[in-house]
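Q: Starting from these lines, generate the structure:
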Amino acid sequence: MSNGHKQFISEEDEELKRIQEKKLKNMINQLERRKKLTAEPAHVTDSSFDKTIEKNPLVLIDFWASWCGPCRALAPTIEQLAAEYAGKVFVGKLDVDENPATAERFQIFSIPTVLVIKNGCEVERIVGCVPKQHIENALKKHLGK
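A: Below is the predicted model of the structure:
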């Protein structure tokens, strides 16, 4: 093999290596951005609710209000679940005072109420301030199916 040919192959290998490294770095950045987007509960509204449940196969929605003590007590649990299930479960919060249409549609009479929605259908309803494990068990029941 001529020296010129070896140099060409070497330069080509270096270019391929740079391209691979650049693509890998971009993929890692995208995954990190996606995780940041889903690591916290999203604010869901009447206008975004249907699109949210259409786009995500498994959704956990916390129906709450700012004046509700039990809702505030449950908030850290919802935040933990959002972080722990990022990329697996869409976790959202819907303020019932600001979004009465969705609350009425799902007949939310007490808050906090947490709904688990799978493929667009309500599959679990948890009313009240409950331990994290209670909500987690409901999620796990529907994650593997």
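Q: Pairing partners for the strand or helix carrying Val116, with directions?
A: Assigned by DSSP states H and E, Val116 falls within strand 113-118. For strand 113-118, the paired strands and their directions (DSSP bridges) are strand 58-64 (antiparallel), strand 121-127 (antiparallel).
Q: Can you tell me how far the residue nearest the centre of the chain is from Pro131?
A: The residue lying closest to the centre of the chain (Cα atoms, centre = their mean) is Phe90, at 3.0 Å. Phe90 sits 22 Å away from Pro131, going by Cβ to Cβ, to the nearest Å. C-beta here means a position set from N, CA and C on the backbone, and glycine is covered the same way.
Q: did I read that right, Val91 in a helix?
A: No. Note on Val91: no helix contains this position according to DSSP: H, G, I helix; E, B strand; the rest coil, which reports strand.
Q: give the contact list for Ser66.
A: 72, 95, 97 (Cβ atoms under 8 Å, 6 or more residues apart in numbering).
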